[in-house]
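A.B. asks: Make a model of this:
(one chain, ligands or ions: 1)
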Amino acid sequence: MSFSSLGLSEQLVRATTDQGYETPSPIQAQAIPAVLSGRDVMAAAQTGTGKTAGFTLPLLQRLGENPRTGKGPRALILTPTRELAAQVHDSVNLYSKYVPTKAAVVFGGVKINPQMMKLRKGLDVLVATPGRLMDLYQQNAVRFNEVEILVLDEADRMLDMGFIRDIRKILSLLPAKRQNLLFSATFSNEIRTLAEGLLDNPVQVEVAARNTSADNIKQSVYPVDQSQKTALLSKLVRDNSWDQVLVFTRTKHGANRLTQKLEKDGITAAAIHGNKSQGARTRALADFKAGEVRVLVATDIAARGLDIKQLPQVVNFELPNVPEDYVHRIGRTGRAGESGHALSLVSADEGKMLAGIERLIKKQLPRTEVEGFEPTNNLPLKPKAKADPSRARARNGNGGNGRPGGKPRSFGDKPGGRSGGRSQNGGGQRGRSAQRQSA
Ligand code: AMP
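C.D. replies: Okay, here's the model as predicted:
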């Protein structure tokens, strides 16, 4: 299958070729024709499935069918976080390289005046976080009367983060006649209620929950006492020569503390979470991408949607409270068919969380103890039925490093890869009410 066979124009196909995409990903194959047909779409898809191109490419094509007559925006894309907004905007710019569509992004944490100026100049596509968009609206800097297409990206996160009132307010301000696209990783009752009020006879699109059982991600658990986690992480970074590792903590405070300790150990690190200014977050991400910072420490919500290409290594310094977040976290590695390694440092008090994760992903994760870091309390961590591999030494070559250059990029048609139908866990992701904490 090719992008042009989905009905996309030559200019848009050329932009995907420039990105090195060979074939549409499963979500793109389903979503692109649906959006092009003008119907509302409700899509279950996580970050990393190619969903951004899945809604951006057909959106650009539809906008291209008629010229802009006013100042716009004609398409409004709402995202939960500043980082995701910036990334979606980057993607819109990449895909609209050969078409005259103009795009802009607005989010909080930075000055509002330059954003007002941008809006005044006129634009077709506006990517926004809900809070800042409402501020701009209240200051008469943006109008919604020309909106033809609305996209809610990562709708579940927007609700988790408490944006429902802003979203409902924005919806009430939009023209009644428009196309609505709702993308969400999970479908809780709250999302379904939102979808029912928003979407008119939508095309439903669903692809495998990303990476829940993907063969290209090696997952392992390192049992270790809480007090030894930082020292073990430093050792692993050094011994394995990890140059780029994303580390998850449960709290913002924990992220800061860990970053400081790693720096003290001589390992360059930066934290990214909700308490950091936008400038600090952007800088941390840029330094990490440029290879100037080896370890990026993030909380779940801050990391959501970060598009860091070909990340070989993800570490859970602490397990997430919500098992679904584990799947999101490990989805940061092994992207687009590359191999990756997700490793969790688990202390005895996290036994219950580990059990919840293993139930969700329907597999027992192999345990590996590291010499000198054997836990004093390793109670619930041992697999019951299978032979106990926990005495095996931590290995060096973990399959995560030394990846090839990357292009051309393909979501792959390999069995067990991301392209096929649904994973054994796809259903397990849905309909759970998740109690998340703020990042
Ligand atoms: P997303 O799920 O939109 O965050 O996209 C995840 C990653 O996949 C991004 O780095 C995209 O550039 C990349 N990508 C999107 N579509 C394709 C495709 N058809 N083939 C290969 N890579 C893609």
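
A.B. asks: least trustworthy helix or strand in this protein by mean pLDDT?
C.D. replies: Every helix and strand in the chain was compared by mean pLDDT, DSSP states H and E; the lowest is helix 300-303, with a mean of 74.

A.B. asks: and for that one, what are the contacting residues?
C.D. replies: Helix 300-303 is contacted by residues 80-81, 83, 157, 160-161, 246, 248, 250, 272-274, 276, 281, 320, 325, 328-329, 332, 436-439 when judged by C-beta atoms under 8 Å, 6 or more residues apart in numbering. C-beta coordinates here come from the backbone N, C-alpha and C atoms, glycine included.

A.B. asks: Okay, and which of these map to helices?
C.D. replies: 83, 157, 160, 281, 325, 328-329 (DSSP state H).

A.B. asks: Looking at the residues you listed, which has the smallest pLDDT value?
C.D. replies: The lowest pLDDT within those belongs to H328, with 79.

A.B. asks: Assess the claim that that residue and T47 are in contact.
C.D. replies: Yes: counting by C-beta atoms under 8 Å, H328 does reach T47; the two are 7.3 Å apart.

A.B. asks: The ligand contacts on the stretch 51-200 of the chain?
C.D. replies: 51-53 (C-beta under 6 Å from any ligand atom).

A.B. asks: re the thing from before, if you rank the ones in helices among the contacts of helix 300-303 by neighbours, which is first?
C.D. replies: H328 (26 neighbours; other C-beta atoms under 10 Å).

A.B. asks: re the thing from before, relative to the whole chain's centre, how far out is the least confident helix or strand of the chain?
C.D. replies: Chain-centre distance of helix 300-303: 9 Å, with C-alpha atoms, centre = their mean, to the nearest Å.

A.B. asks: in it, what counts as buried?
C.D. replies: For helix 300-303, burial by neighbour count (16 or more other C-beta atoms under 10 Å) applies to 300-303.

A.B. asks: Serialize those residues to a markdown table and add fields for distance to the ligand.
C.D. replies: Output for the buried residues of helix 300-303, formatted as a markdown table (distance: C-beta to the nearest ligand atom, whole Å):
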| residue | distance to the ligand |
| --- | --- |
| D300 | 16 |
| I301 | 16 |
| A302 | 16 |
| A303 | 13 |
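
A.B. asks: ok, so of those, who is nearest I357?
C.D. replies: D300 (13.5 Å; C-beta to C-beta).

A.B. asks: which one is the closest one nearest to, not counting chain neighbours?
C.D. replies: D325 (4.9 Å; C-beta to C-beta, 6 or more residues apart in numbering).

A.B. asks: Cross the residues of the stretch 51-200 of the chain next to the ligand against helices and list the overlap.
C.D. replies: Per DSSP H, those map to helices at 51-53.

A.B. asks: Neighbour count for the residues you listed - can I get that in TSV?
C.D. replies: TSV is the format used below for these (neighbours: other C-beta atoms under 10 Å):
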residue	neighbour count
K51	27
T52	28
A53	25
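
A.B. asks: Show me which of those residues is closest to the ligand.
C.D. replies: T52 (3.1 Å; C-beta to the nearest ligand atom).

A.B. asks: pLDDT score assigned to the closest residue in space to that closest one that isn't next to it in sequence?
C.D. replies: Computed as C-beta to C-beta, 6+ apart, the closest residue to T52 that is not its neighbour in sequence is S91, at 4.6 Å. pLDDT, S91: 96.

A.B. asks: for S91, helix, strand, or coil?
C.D. replies: Under DSSP: H, G, I helix; E, B strand; the rest coil, S91 falls in the helix class.

A.B. asks: buried residues in stretch 81-91?
C.D. replies: By 16+ other C-beta under 10 Å, the buried positions in stretch 81-91 come out as 81-89, 91.

A.B. asks: cool, and stretch 277-295?
C.D. replies: Here stretch 277-295 shows 281-282, 284-285, 288-289, 293-295 as buried, counting by 16+ other C-beta under 10 Å.

A.B. asks: Please flag which of those residues sit within helices.
C.D. replies: Going by DSSP H, the helices hold 281-282, 284-285, 288-289 from those.

A.B. asks: Of those residues, which is the nearest to the ligand?
C.D. replies: K289 (12.1 Å).

A.B. asks: Now do the closest one, the pLDDT please.
C.D. replies: At K289, the model reports a pLDDT of 86.

A.B. asks: Who are the contact partners of K261?
C.D. replies: K261 touches T230, counting by C-beta under 8 Å, 6+ apart.

A.B. asks: Is it correct that it falls within a helix?
C.D. replies: Yes: secondary structure of K261 (three-state DSSP): part of a helix.

A.B. asks: Shouldn't L181 be within a strand?
C.D. replies: Yes: with three-state DSSP as the criterion, L181 is part of a strand.

A.B. asks: Tell me the predicted confidence for P58.
C.D. replies: 98.

A.B. asks: Determine the three-state secondary structure at it.
C.D. replies: Under three-state DSSP, P58 comes out as helix.

A.B. asks: What is the nearest of the buried residues of helix 300-303 to L171?
C.D. replies: Among the buried residues of helix 300-303, and counting by C-beta to C-beta, the member closest to L171 is I301, at 22.7 Å.

A.B. asks: how far away is the closest one from D160?
C.D. replies: Going from I301 to D160 by C-beta to C-beta, to the nearest Å gives 8 Å.

A.B. asks: Repeat that for L181.
C.D. replies: Distance from L181 to D160, by C-beta to C-beta: 19 Å.

A.B. asks: mind giving me the domain split of the chain?
C.D. replies: 3-206, 217-361 (the TED database).

A.B. asks: looking at the ones you listed, which one has the lowest mean pLDDT?
C.D. replies: With a mean of 87, domain 217-361 has the lowest mean pLDDT of the domains of the chain.

A.B. asks: now the end-to-end length of that domain.
C.D. replies: 13 Å (C-alpha to C-alpha, to the nearest Å).

A.B. asks: how distant is that domain from the center of its chain?
C.D. replies: 14 Å.

A.B. asks: tell me which residues of stretch 114-131 are tucked away?
C.D. replies: 115, 118-119, 123-130.
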